[in-house]
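A.B. asks: have a look at this fold, sequence not included:
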Ligand SMILES: [Zn+2]
């Protein structure tokens, strides 16, 4: 039983290594849609399992959206981009 517990702890530590929290800088770039494509996949995977980072992202998106609206008003690819963000945060696509 002790061995099982140790295995469990080791597994958790390993998971934490893999699942590093997203940095503020990365979240900000993701919210601003300037994050390189190859970094988006791992980030979205992390967001799926980490509510902390989802909450942080939502705060970033609020800021980014406000800036985005002011800066560009209307953009053709708005719908597509919003789809990506909505998928990552669960905003707008719940049930
Ligand atoms: Zn996280």
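C.D. replies: Here it is on my side, so go on. Just so we're clear, the structure is a prediction, and the values are computed from it rather than from any experiment.

A.B. asks: all contacts plus neighbour counts: C-alpha atoms, from now on.
C.D. replies: Will do.

A.B. asks: how about the chain: which residue is closest to the ion?
C.D. replies: residue 21 (3.6 Å; C-alpha to the ion).

A.B. asks: mind checking the SS state of residue 35?
C.D. replies: Following DSSP: H, G, I helix; E, B strand; the rest coil, we place residue 35 in the coil state.

A.B. asks: in this structure it contacts residue 41, no?
C.D. replies: No. Judged on C-alpha atoms under 8 Å, residue 35 makes no contact with residue 41 at a distance of 10.6 Å.

A.B. asks: neighbour count winner among the two?
C.D. replies: Per other C-alpha atoms under 10 Å, whichever of residue 35 and residue 41 has more neighbours is residue 35, with 16 against 12.

A.B. asks: list phi and psi for residue 33.
C.D. replies: In terms of degrees, to the nearest 10, the main-chain angles of residue 33 are phi 60, psi 40.

A.B. asks: again with residue 54
C.D. replies: phi -60, psi -40.
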